[in-house]
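In: sequence first, then the predicted structure, then my questions.
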Amino acid sequence: MAEKVLTGITVQVNDEGYFTDPSQWTREMAVEMAKEHGIELTEKHFQVIDFLRQRYLAGEALTIRRVGNAGIVDIKGLYQLFPGGPLKISSKLAGIPKPASCV
């Protein structure tokens, strides 16, 4: 198990940098991690992040289609918000494990 320091707090992450304990996550950590991906988070980003956290904590499987059907942003918009791997990056920023649907 690896560790990462975000906003001065040490959190547990796996080898790919995904949180192993979603309860350690904060919005401030998401902002810091987003900078590593060249993303400046907006309210729309946080709407997606909050949706992912809620669905994950409810035990639901996460997919790009599910996010697109949530009414927050369409699939094209999701790719624009999180370029280069929208579900992988948004899940990482949400402090949840990488979804099984991501390679």
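Out: Ah, there it is.
In: next, count neighbours for residue 80.
Out: 12 (other Cβ atoms under 10 Å). For glycine as for every other residue, the C-beta is placed from the backbone atoms N, C-alpha and C.
In: roughly how far apart are it and residue 47?
Out: Distance, residue 80 to residue 47, using Cβ to Cβ, to the nearest Å: 14 Å.
In: so in this protein, where's the weakest helix or strand by average pLDDT?
Out: Sorting the helices and strands of the chain by mean pLDDT, DSSP states H and E puts helix 64-68 at the bottom, at a mean of 90.
In: quick check: longest helix of this protein.
Out: helix 43-57 (DSSP state H).
In: which residues does that one contact?
Out: Around helix 43-57, the neighbours that count as contacts under Cβ atoms under 8 Å, 6 or more residues apart in numbering are 22, 25, 27, 30, 34, 39, 41, 62, 66-67, 70, 72-73, 77-78, 81-82, 90-91, 93-97.
In: residues contacting the residue most central in space within the chain?
Out: With distances taken as Cα atoms, centre = their mean, residue 91 lies nearest the centre of the chain, 2.5 Å away. Under the criterion of Cβ under 8 Å, 6+ apart, the neighbours of residue 91 are 18, 52, 56, 62, 97-99, 102.
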